[in-house]
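K.L.:
make a model of this:
(chains A and B)
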Protein chains: 2
Amino acid sequence: MINPFNTQQAFESITDYWSPKIIGEVNGQYIKIAKLKGAFVWHKHEKEDELFLIVKGELTIELKDITVHLKEGDGYVVPKNTLHNPSCEQECWVMLIEPKETLHTGNVKIARSKSIEDQLK
Amino acid sequence: MINPFNTQQAFESITDYWSPKIIGEVNGQYIKIAKLKGAFVWHKHEKEDELFLIVKGELTIELKDITVHLKEGDGYVVPKNTLHNPSCEQECWVMLIEPKETLHTGNVKIARSKSIEDQLK
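P.N.:
Reported below is the predicted structural model:
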């Protein structure tokens, strides 16, 4: 991890969708960025809140009872233990803040699940 | 606090420099924004790292041994127990992530120190 970090350069180094990259660490939380496109998977993080900050584009997050539409500059905290499913038709750049142990697919294990070690590469 | 939040609108509601506004909460950390201009004060946070994300403008952070220059899109984590002094000649907009108990002037109490309650207004 580089401190200070340059968000734009870090995004440009990402080639895969739904593959978070860890760019910093603050108080036991990782600062991650990811490029998203298409639909992800319904999942939850039992003990961890997850902050989505929209850097570019738009993101929809479906929850059980509501659907949240986010635009550039918007932020949303998915509370712990809350089923959610992010999706976007066009490419979207997000920054995430979440505890070091958080897995991006939460309680669900799928082919595109990335380990923390993968996210540090 | 509003969830989701709109960063641009939140910045536009700020009228004072060096007066952080709490806009969100994630895993015991507050998400804050502040408009900065001029010099602040040398201080440290004994037990808490502090993330600075530059939303607009440029910020200089002096530390004991180095000086960090940050531009829009850059991020820097000031490690806990590290003396630092942020400053900027022109107006700079920053987002901060730090534990709920963190005071923005850290171990130093000055006239412009804001309580957590003030930052929630």
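
K.L.:
where in chain A is the helix or strand with the lowest mean pLDDT?
P.N.:
Every helix and strand of chain A was ranked by mean pLDDT, DSSP states H and E. The lowest is helix A:116-119, at a mean of 83.

K.L.:
in that one, what counts as buried?
P.N.:
With burial defined by 16 or more other C-beta atoms under 10 Å in any protein chain shown, the residues of helix A:116-119 counted as buried are residue A:119. Using the backbone N, CA and C atoms, a C-beta is placed for each residue, glycine as well.

K.L.:
for stretch A:2-17, same thing?
P.N.:
A:4, A:5, A:7, A:10, A:11.

K.L.:
ok, residues contacting the least confident helix or strand of chain A?
P.N.:
With contacts defined as C-beta atoms under 8 Å, 6 or more residues apart in numbering or on different chains, helix A:116-119 is touched by A:19, A:20, A:21, A:22, A:30, A:32, A:100, A:101, A:103, A:104.

K.L.:
among those residues, which are located in strands?
P.N.:
In strands, judged by DSSP state E, the following of those are found: A:21, A:22, A:30, A:32.

K.L.:
hey, what's the first one bridged with?
P.N.:
Each beta-bridge partner of residue A:21 is listed here, defined by DSSP bridges: residue A:33.

K.L.:
my read: it touches residue A:14, true?
P.N.:
Yes - between residue A:21 and residue A:14 there is a contact under C-beta atoms under 8 Å: 5.8 Å.

K.L.:
list residues touching both of these two?
P.N.:
With C-beta under 8 Å, 6+ apart as the test, residue A:21 and residue A:14 both reach A:33, A:34.

K.L.:
that older thread, the ones in strands among the contacts of helix A:116-119: which two are farthest apart?
P.N.:
Longest distance between any two of these is 9.9 Å, between A:21 and A:30; criterion C-beta to C-beta.
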